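> Sequence first, predicted coordinates after that:
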There are 2 protein chains.
Amino acid sequence: MKDLKKHIETNEDRLLDELFEFIRIPSVSSKEAHKADMYKATEWVKENLLKKGADKAEVCETQGHPVVYGEKIIDPGLPTVLIYGHYDVQPPEPLELWKSPPFEPEIRDGRIYARGADDDKGQMFMHFAAFEYLVETGQLPCNVKFMIEGEEEIGSPSLGQFLKDNREKLAADVILVSDTSMLGAETPSITTGLRGLSFCEVHVTGPNRDLHSGLFGGAVANPVNVLCEMIGSLIDENGRIAVKGFYDDVEELSPEEREEMGRAPFDDEKYKEALGVEELAGEKGYTTLERTGIRPTLDVNGIWGGYTGEGAKTVLPSEAHAKISMRLVPHQKSEKITQLFKDHFLSIAPKTVKVTVDFLHGGEGYVSPTDTPAYQAASKAYEKTYGIKPIPYRSGGSIPIISLFEHTLGIKTILMGFGLESDAIHSPNENYPLSQFFRGIETIPYFYRHFVELHRK
Amino acid sequence: MKDLKKHIETNEDRLLDELFEFIRIPSVSSKEAHKADMYKATEWVKENLLKKGADKAEVCETQGHPVVYGEKIIDPGLPTVLIYGHYDVQPPEPLELWKSPPFEPEIRDGRIYARGADDDKGQMFMHFAAFEYLVETGQLPCNVKFMIEGEEEIGSPSLGQFLKDNREKLAADVILVSDTSMLGAETPSITTGLRGLSFCEVHVTGPNRDLHSGLFGGAVANPVNVLCEMIGSLIDENGRIAVKGFYDDVEELSPEEREEMGRAPFDDEKYKEALGVEELAGEKGYTTLERTGIRPTLDVNGIWGGYTGEGAKTVLPSEAHAKISMRLVPHQKSEKITQLFKDHFLSIAPKTVKVTVDFLHGGEGYVSPTDTPAYQAASKAYEKTYGIKPIPYRSGGSIPIISLFEHTLGIKTILMGFGLESDAIHSPNENYPLSQFFRGIETIPYFYRHFVELHRK
């Protein structure tokens, strides 16, 4: 592509300035208090798209946070690429663990540190920058549409309706998303599988008030003890989830498929070292990459109950709570699993307490074929920039809307992620290497070129 | 006693004003931020004792919060009663559940609502008021000493040394304490047994940072899941504590003793209704009163880990924590049980996480005989005020220093409590009925009279 590297070098500082401006808007979708920030972020996205060369850009209201839509149609006869991204971010807590403020991006050791630096502001903005380059240099080979939502981190509750209401407007030949990771900084990979999700919150109530654990302890069920016992029983000694019917629909891969997956370079020792753990855990009979890629899991994401302050308080708490999520693999349906979990959890509740289960959000898994023009175009694009062919890889993460795209719009998605495992997304000190940011901007234009070429054949 | 009721009636308002002034000092011993309040409370106690007729009163420094000592020696040849109480209170959290501010006492429906209304400011101040009456009316029949500490709610870490350093000064014939409850407002009882305590905090650490539960879930041990499983295994299906050696020293009561205990009026149905639970829980083969009175227990007092805010956050937490306490019965030694717990908890920790156990505080249980002059004097005093003989009763609570008094000073303690189960001590909306407060003041002078009489025989 003409002057691509030069263009990036020349505009490096300005592109970072723009991204930082975007990151400084604390668009935390899960918190009511950030409602104004969400609007600020949509305005920023809209204005930036117009600035980068979009013919039009608009903020589309939904039941929840708005979606920003933008487009540049150069010729209705040419293929269309639909870029998806999200302007919302995870809550930054626990704040005390951040080395620099989460919403004040800081570059240290060649990385941008901030909430959203990778997920997904940083990765999404690479597409804006690549689009700008293609437009400015007159090399845009096809039509481009943008759909940037604000509810990805809370399960995209309004996007399904938005897709249904805008099928025609969103018509495209492929959806391009950068919201995943590569296997390593020099090991490009394309995510060909995603896990589904079922996220619930459980509540256990015992006595109608906090009690003195001496005067009442031993005679009344302690909801924290009960919750722990219930949670403790959810995973058996083989690391399998004990919810009845949970594995019924799980896709079992053939030995050949597992062997191919096993070719991905991966070192358990380095993985343990990076995470600071002495031993790994998980379902018996599966490797680490299989455990996160092709097997479903259950994790407690948060637990709270009783006195959690400094020192000792001899209380027998009235309530205990936990957030529990399950990652699902292809063919497991989120709704069915949620119901199975709910039924199971209520069935194991002793009569000494009251138990309720709230569904927070969910979504289906996804598998992408590797023999499509879009996958091949992405593969060639990575190879151009990184010098080696990317590995097709099944990730443990969930982007529930990817299966929704296929279902509602009938369009396949290509997950061209440039994140790294070390980016600490969803964690304190989230970061994104500058090298990945700029290499991403360099890779994307090649995707456009190859996709249009292969699409024609 | 001469003009006792009249004296109380005349001084009702002033006595409440004084108590309220005392309650307004937020003397929370477990929090560093309240250090100044602790000193304010000691000054208040000292000044009030002098005002009430003490010959001397002094604030005695310790390694922790000070002890206030006071005395009125009318004749070294007469018996001496040592009053023990504590000016510290439990933290008021959770604040949002209080109907009126915890440190602004309010009278509603004949009850004083405030942190410390019962435990122990309200109950302790009854002794100050009774002492005032005896002094003012010239009816004090013996010497009186006061030892008011400020660390009862955190396990009295400095009191042992204070007792050792002041054996002579504290010499007495009996220690009198009001820091326990009666079986009912019309069912006076004297606590003849207390449970010991071992309070620990446990920490489970998994990966060295919070992780994305999708990308890592299933391959790395989740410390919250692990902690739940560990806690879930601590109590078996019969409600017995699974810590190895835990029951080795437990005193097993004879069928006769259990039968006598069973005579205390108690109704499981009313108990369940008052607590709002459908079923009670506990060790199989024991009644509710036995479960809290003569059997040891294990309760989680607090648990926390991961994301506990609003909405969903798909995090695989780095750490999980819990506060776990055990109530012990006579012959179980706190130190030994703490060690057994620690050994057991570490032994069940999987290698996928790091586990540590911190000891927060502990103390021994206590059993009081009923054939002593002191017990008989207390029994007669209650009978005089309430019209019926009090029931000897083993409480589930712990006042670890009672066994320390016996051990270090060689003095037996009488637990003349006037609290009620409905007082919600350690809970939001702690309260103390005015009727119990004034009946307590009325009962105490009779104890002095009968004790001196019986002691002479």
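Right, received. Where do you want to start? Since the model is a prediction, treat every value here as computed from it, not as a measurement.
> The helix or strand bottoming out on mean pLDDT in chain A: which residues count as buried?
Every helix and strand of chain A was ranked by mean pLDDT, DSSP states H and E. The lowest is helix A:255-261, at a mean of 84. Buried positions in helix A:255-261, judged by neighbour count with 16 or more other CB atoms under 10 Å in any protein chain shown: A:258, A:261. Backbone N, C-alpha and C define where each C-beta goes, glycine included.
> and residue A:36, which of the three is it?
helix (DSSP: H, G, I helix; E, B strand; the rest coil).
> neighbours around it, how many?
Look at residue A:36: counted by other CB atoms under 10 Å in any protein chain shown, it has 11 neighbours.
> Could you do residue A:252 as well?
The burial count for residue A:252: 10, using other CB under 10 Å.
> confidence score at the residue of the stretch 351-457 of chain A found nearest chain B?
Nearest to chain B in the stretch 351-457 of chain A, going by CB to the nearest CB, is residue A:397, at a distance of 3.5 Å. pLDDT, residue A:397: 82.
> which residues sit in contact with it?
Residues in contact with residue A:397, defined by CB atoms under 8 Å, 6 or more residues apart in numbering or on different chains, are A:180, A:191, A:194, A:195, B:212, B:214, B:215.
> now these in a markdown table, with pLDDT?
Shown next, in a markdown table, are these (pLDDT from 0 to 100):
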| residue | pLDDT |
| --- | --- |
| A:180 | 92 |
| A:191 | 93 |
| A:194 | 88 |
| A:195 | 90 |
| B:212 | 89 |
| B:214 | 88 |
| B:215 | 85 |
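> Can you flag the buried ones in the residues you listed?
By 16+ other CB under 10 Å, the contacts of residue A:397 give A:180, A:191, A:194, A:195, B:212, B:214, B:215 as buried.
> Find the pair from those with maximum spatial separation.
Farthest apart among the buried ones among the contacts of residue A:397 by CB to CB are A:191 and B:212. That separation is 13.5 Å.
> Report the rounded mean pLDDT for the lengthiest helix in chain A.
Secondary structure of chain A read by DSSP state H shows that its longest helix is helix A:434-456. Helix A:434-456 carries an average pLDDT of 97.
> How about the residues of the stretch 101-250 of chain A by chain B?
Neighbours of chain B within the stretch 101-250 of chain A, by CB under 8 Å from any CB of the partner chain: A:153-155, A:181, A:195, A:197, A:199, A:206-222, A:224-225, A:227-235.
> Can you classify the residue of the stretch 51-200 of chain A at minimum distance from chain B by secondary structure?
With CB to the nearest CB as the measure, residue A:199 is the residue of the stretch 51-200 of chain A nearest to chain B, at 4.7 Å. The three-state label given to residue A:199 by three-state DSSP is strand.
> try residue A:20
Classified using three-state DSSP, residue A:20 is helix.
> in stretch A:2-22, what counts as buried?
A:4, A:7, A:8, A:11, A:15, A:16, A:18, A:19, A:20, A:22.
> How about stretch A:412-432?
A:412-421, A:423-432.
> Show me where chain A has its helices.
A:4-23, A:35-52, A:121-136, A:159-165, A:213-216, A:223-232, A:255-261, A:268-275, A:288-293, A:334-347, A:373-386, A:401-404, A:434-456.
> And the ones you listed: which comes nearest residue A:29?
Using CB to CB, the nearest of the helices of chain A to residue A:29 is helix A:35-52, at 6.7 Å.
> Show me what the closest one is packed up against.
Applying 3 or more CB pairs under 8 Å, 6 or more residues apart in numbering or on different chains; DSSP states H and E, one finds that helix A:35-52 contacts helix A:4-23, strand A:56-60, strand A:67-72, helix A:121-136.
> How far off centre is it?
21 Å (CA atoms, centre = their mean, to the nearest Å).
> With stretch A:398-418 instead?
12 Å.
> so how far does it reach from one end to the other?
Chord length of stretch A:398-418, first to last residue, is 16 Å (CA to CA, to the nearest Å).
> do the same with stretch A:403-419
Span of stretch A:403-419 from end to end, CA to CA: 21 Å.
> re earlier: now, of the residues of the stretch 101-250 of chain A next to chain B, which are buried?
Here, 16+ other CB under 10 Å leaves A:153-155, A:181, A:195, A:197, A:199, A:206-207, A:209-222, A:224-225, A:227-232, A:234-235 buried among these.
> Would you confirm that residue A:235 contacts residue A:298?
Yes - look at residue A:235 against residue A:298 with CB atoms under 8 Å: they come within range, at 6.2 Å.
> Neighbours of residue A:441, how many?
27.
> Count the residues that sit near the closest residue to residue A:136 other than its chain neighbours.
In space, and not counting its chain neighbours, residue A:136 is closest to residue A:53: 7.1 Å by CB to CB, 6 or more residues apart in numbering or on different chains. By other CB under 10 Å, the residues close to residue A:53 number 17.
> Pairing partners for the residue of the stretch 51-200 of chain A closest to chain B in the sheet, please.
Beta bridges link residue A:199 to residue A:325, residue A:361, judged by DSSP bridges.
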